[in-house]
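# What shape does this take:
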Amino acid sequence: MSTDDLAGLSLAAFDQMVDATAGFRSRPGQRDMAQQIASALSGVTLGEHAEPNKSIAVIQAGTGVGKSAAYLATTVALALARKTRVVISTATVALQEQLMTKDLPALAAVLESPFVFALAKGRGRYVCKFKLERLAGPGGDELNEELFGVDEDTPPTRAAFAAQLQGVDPEERRMKLYDALATALSQGKWDGDRDKLAEQPDARDWSAVAAERHSCTARHCPRFRDCSYYQARTQLAEANVIVANHDLVLASLGMNALPELEKCLVVFDEGHHLPAVALDQFSSSMDLSSLRWLDKLPKILLEVSEKISRTPDQDVNTLAQQLKTALLDVSRIAMDLLRTGGTGYDGTQRFKNGVLPVVLLEPMTLIQGHARGLSGVLEALGAELKRRAKEDPALALSSSLLYAKLGPMAPRLGSVLATSGMLLQQGPQPLAKWLKSDTSSGLVFMSAHACPIVPGELLQQSLWRQVRGAVITSATLTSCGSFDFFLQEAGLDNDETVSTLEVASPFNYTAQGRLIVVETVADPKNVEAYTRELVAELLLDLSQIEHGALALFTSRVQMKAAVDALSPTLQDVVLVQGQMARTRLLATHQARVEAGRPSVIFGLQSFGEGLDLPGRLCETVLIAKLPFSPPSDPVEEARSEWLKSVGRDPFSELVVPATGIRLLQWTGRAIRTEEDVATVICYDRRLLTMAFGRRMLQGLPAYAVLRRSAGVLRAM
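Next up is the predicted model:
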């Protein structure tokens with residue numbers, strides 16, 4: 001089929017969906033988006049080819065465009081015609097649920113060609129039946145201790161402390177959980193998917209029975225044929241459309257957990273998250289405090305070696321002790337550095353220009369060498385156990401048991417090896433490197449971290465080299481009216497295969513909304529004076545709220561100042577993030593508004609994106625301050641430092657566009673439907689008075705903009 005025929009077929013599928021869906025109507029912008037996707041992806045070369053045609057469509061689709069319908073109909077039709085598959089990657093569980101329970105079933109109901117869709121999850125979301133069977137029932141807790149150990153030095157959660165005070169024995173709780181899970185599996189009431197449990201288990205309880213890669217012998221396991229994870233993998237193999245998330249897509253590159261990206265079409269919805277996810281995926285950290293696992297490691301290695309009659313080629317007892325000593329040395333030095341830096345026992349110490357202090361070089365080099373030696377022994381034992389299970393089925397059970405025993409050690413050792421290597425690395429573009437001390441549990445826990453600082457290069461090397469045909473879409477891909485910042489962050493700037501399209505929202509923002517900028521007397525840089533004035537102005541606006549509102553703050557300190565100033569009357573109106581579970585808080589807010597009472601949510605950055613509160617649920621959005629990143633973020637600090645060193649302006653090039661995107665997200669909470677009427681109030685005068693503020697304003701929807709000074713409103 002020709003390129004033009006494929007493009008026509010995919011666009012026809014979109015039109016068919018619009019015509020066949022009751023109550024559905026296409027918007028001009030939505031069809032423009034479908035047209036762009038059809039044109040961009042119809043000519044890509046999939047599979048092996050010396051010089052493949054590639055195409056990446058970057059599309060900003062404003063709120064209300066209906067972007068999921070536009071990309072689903074076109075990409076699914078194209079994939080079916082080309083006998084390939086579509087991988088749809090999202091950043092949030094909410095969008096995954098929408099695709100799986102609403103959008104894909106709706107498309108399947110109207111599309112002439114049938115297709116199968118499935119949700120992809122990380123293997124840690126599934127139970128390992130092999131481990132569970134050996135932990136449930138009599139003697140289970142002894143086996144839990146023998147096989148997987150106890151994380152004695154992992155800081156307990158606050159909930160765990162509360163449970164202990166109530167007399168709940170952790171071991172009793174754990175064994176009851178395993179017995180209940182095993183019973184549900186055996187009775188066919190549960191399929192092993194953690195997310196389908198009515199109540200989510202404690203993370204540490206679940207980790208002992210999770211189907212993690214490091215403790216899995218795969219097809220050599222005695223329970224492979226009815227493994228929950230591999231049964232889910234089988235369903236994925238049969239699916240035409242796979243819904244995943246950005247973390248899983250990046251983590252699965254080269255792992256065969258998802259279809260090879262050069263052989264399928266890919267959609268990245270909520271694509272503005274890709275750069276941050278890339279940094280997170282390629283960062284590394286190691287614990288400098290919880291080291292009892294190093295006392296267990298040599299015992300486990302020697303015990304496994306003895307049971308398979310193999311002698312390690314390293315003195316594992318000495319190596320483990322030397323590694324522990326070196327880690328403790330780094331922890332001690334780190335504490336001294338934090339105290340010297342004035343952060344005390346709770347804070348962050350970043351290394352300027354990514355250069356470790358001389359005092360850390362020797363112990364870090366020792367850590368790298370000792371960890372490499374131990375890792376070599378562990379990998380050799382694992383390979384031997386897999387070989388035995390493969391060659392002699394009679395040894396499969398015992399080999400899988402021993403492999404599972406090695407499993408918990410692998411990620412711990414791997415994090416030490418990877419982090420020490422990154423901390424010692426020095427190149428033309430430095431890494432962000434820092435130490436962190438955390439005392440939130442009541443104890444001091446030290447950790448060391450390293451992270452790349454330019455996400456675009458990571459995505460270029462790891463992702464875009466494999467992708468042949470992709471759509472990247474979101475309501476917030478432009479900043480200050482341009483795609484430039486996103487394309488640079490995503491590693492797509494100067495890429496000839498990239499096309500961009502901005503599809504405007506169908507909402508009439510000028511008629512439906514207004515943006516009020518409050519001109520405070522205090523400069524926002526004068527934190528104390530500004531916060532006092534901000535809180536006073538905010539309280540006046542809160543007293544005028546009749547239905548639902550959302551107040552967004554840039555810091556917990558700022559939010560606490562506002563909470564502390566609330567009158568008794570307003571205390572009954574305001575719901576504060578962290579006060580209760582997010583779902584419960586939103587349900588309480590909705591119930592209040594529907595009952596005719598005013599309700600205001602106080603939230604931080606995570607409430608500034610993805611929150612859908614249409615109609616009366618959010619008639620006012622109150623923005624305390626322009627949402628600049630915290631100045632103490634070590635990765636942002638390191639990147640700004642590097643940009644300055646090469647003669648570039650990090651504020652104009654990095655800080656302003658990143659803040660512009662967050663401001664677009666925050667204001668986007670206000671108008672969610674064509675019927676909404678809402679007001680956005682920003683208390684940061686810099687939005688109008690500073691050049692960078694006016695840049696950000698250019699990237700916002702066309703609200704009617706008003707100034708407010710001394711309580712008086714004036715049109716712009």
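# Tell me the pLDDT of residue 158.
Per-residue pLDDT puts residue 158 at 41.
# Surely residue 550 is within a strand?
Yes - secondary structure of residue 550 (DSSP: H, G, I helix; E, B strand; the rest coil): part of a strand.
# Who are the contact partners of it?
600-601, 603, 607, 611, 613, 618, 620-622, 669 (Cβ atoms under 8 Å, 6 or more residues apart in numbering). (Each C-beta comes from the backbone N, C-alpha and C, glycine too.)
# Show me the shaky parts of this protein.
137-168, 341-346 (pLDDT under 70).
# Can you classify the residue lying farthest from the centre of the chain as helix, strand or coil?
Each residue of the chain has a distance to the centre, and by Cα atoms, centre = their mean the biggest one is for residue 309: 43.7 Å. Here residue 309 is coil, with the state taken from three-state DSSP.
# any idea how far it lies from residue 393?
Per Cβ to Cβ, to the nearest Å, residue 309 is found 19 Å from residue 393.
# The stretch 501-650 of the chain: strands as residue ranges?
513-518, 548-552, 574-576, 599-603, 620-623 (DSSP state E, counting those that start in this stretch).
# now these as JSON lines including distance to residue 44?
Formatted as JSON lines, those follow (distance: least, Cβ to Cβ, whole Å):
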{"stretch": "strand 513-518", "distance to residue 44": "39"}
{"stretch": "strand 548-552", "distance to residue 44": "40"}
{"stretch": "strand 574-576", "distance to residue 44": "48"}
{"stretch": "strand 599-603", "distance to residue 44": "41"}
{"stretch": "strand 620-623", "distance to residue 44": "40"}
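# These: which one's closest to residue 439?
Nearest of the strands of the stretch 501-650 of the chain to residue 439, taken as Cβ to Cβ: strand 574-576 at 23.5 Å.
# And the helices in the stretch 1-150 of the chain, which stretches?
In the stretch 1-150 of the chain, the helices defined using DSSP state H, counting those that start in this stretch lie at 3-20, 28-41, 67-82, 93-98, 104-110, 129-135, 140-148.
# and among these, the most buried is which?
Neighbour counts (mean count of other Cβ atoms under 10 Å) averaged over each of the helices of the stretch 1-150 of the chain peak at helix 67-82, with a mean of 25.
# Give me the distance from it to the chain's centre.
Computed by Cα atoms, centre = their mean, to the nearest Å, the chain-centroid distance of helix 67-82 equals 25 Å.
# cool, and stretch 495-508?
24 Å.
# Just the terminal-to-terminal distance for that stretch.
34 Å (Cα to Cα, to the nearest Å).
# measure the spatially closest residue to residue 614 that is not a sequence neighbour to residue 616 for me?
Closest residue to residue 614 apart from its sequence neighbours, by Cβ to Cβ, 6 or more residues apart in numbering: residue 672 at 4.0 Å. Distance, residue 672 to residue 616, using Cβ to Cβ: 11 Å.
# and if you look at residue 544?
Distance, residue 544 to residue 616, using Cβ to Cβ: 15 Å.
# and what of residue 213?
48 Å.
# who's more crowded, these two?
The neighbour count for residue 213 versus residue 616, taken as other Cβ atoms under 10 Å, is higher for residue 616 (18 against 15).
# The more buried one and residue 548 touch, don't they?
Yes - the pair residue 616 and residue 548 qualifies as a contact (Cβ atoms under 8 Å) at a distance of 5.5 Å.
# Which neighbours do those two have in common?
Common neighbours of residue 616 and residue 548, using Cβ under 8 Å, 6+ apart, are residue 593.
# Would you mind saying which of the strands of the stretch 501-650 of the chain lies nearest residue 247?
That would be strand 599-603 among these, by Cβ to Cβ, at 23.3 Å.
# ok, residue 37 touching residue 74?
Yes - the pair residue 37 / residue 74 is scored as a contact, 4.5 Å apart, by Cβ under 8 Å.
# what sits in contact with each of those two?
residue 10.
# The helix or strand residue 449 falls within - contacts with which helices or strands?
If you go by DSSP states H and E, residue 449 is part of strand 445-451. Under the contact definition 3 or more Cβ pairs under 8 Å, 6 or more residues apart in numbering; DSSP states H and E, strand 445-451 sits against strand 284-287, helix 316-340, helix 409-424, strand 432-438, helix 634-645.
# quick one: strands adjacent to the helix or strand just after the second one?
Just to be clear, that refers to helix 316-340. Using DSSP H and E, the helix or strand that follows helix 316-340 in sequence is strand 347-350. For strand 347-350, the paired strands and their directions (DSSP bridges) are strand 432-438 (antiparallel).
# What residues of the helix ranked longest in the chain count as buried?
Assignment by DSSP state H gives helix 358-391 as the longest helix of the chain. Within helix 358-391, the residues that qualify as buried are 360, 363-364, 366-368, 370-375, 377-378, 380-382, 384-386, 388-389, counting by 16 or more other Cβ atoms under 10 Å.
# and residue 371, how far is that from residue 432?
21 Å.
# Hmm, residue 638 and residue 432 touching each other?
Yes - using Cβ under 8 Å, residue 432 makes contact with residue 638 at a distance of 3.6 Å.
# and for these two, which residues touch both?
350, 354, 453.
# so how many other residues sit close to the last one?
Put plainly, it is residue 453. Residue 453 - counted by other Cβ under 10 Å - has 22 other residues nearby.
# Now it: phi and psi?
Backbone torsions for residue 453, taken as degrees, to the nearest 10, come to phi -120, psi -10.
# Tell me who's in contact with it.
279, 429-432, 635, 638-639, 642.
# in the stretch 501-650 of the chain, which spans are helices?
Using DSSP H, counting those that start in this stretch, helices in the stretch 501-650 of the chain cover 509-512, 527-542, 556-564, 568-571, 582-594, 634-645, 650.
# Residue 44 is nearest to which of these?
Short answer: helix 634-645, nearest of the helices of the stretch 501-650 of the chain by Cβ to Cβ, at 32.9 Å.
# The closest one: what's the following helix or strand?
Counting by DSSP H and E, the element after helix 634-645 in chain order, helix or strand, is helix 650.
# Next, the residue nearest to residue 614: secondary structure please.
What three-state DSSP gives for residue 672 is coil.
# how about the CA coordinates for the helix or strand containing residue 485, as PDB?
Here residue 485 sits within helix 484-489, counting by DSSP H and E. C-alpha atoms of helix 484-489 as PDB (Å, rounded to 0.1, in the frame of the first residue of the first chain):
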ATOM      1  CA  ASP A 484      12.300  25.300  21.100                       C
ATOM      2  CA  PHE A 485      12.800  24.500  24.800                       C
ATOM      3  CA  PHE A 486      11.000  21.100  24.700                       C
ATOM      4  CA  LEU A 487      12.800  20.000  21.500                       C
ATOM      5  CA  GLN A 488      16.100  20.800  23.100                       C
ATOM      6  CA  GLU A 489      15.200  19.000  26.400                       C
END
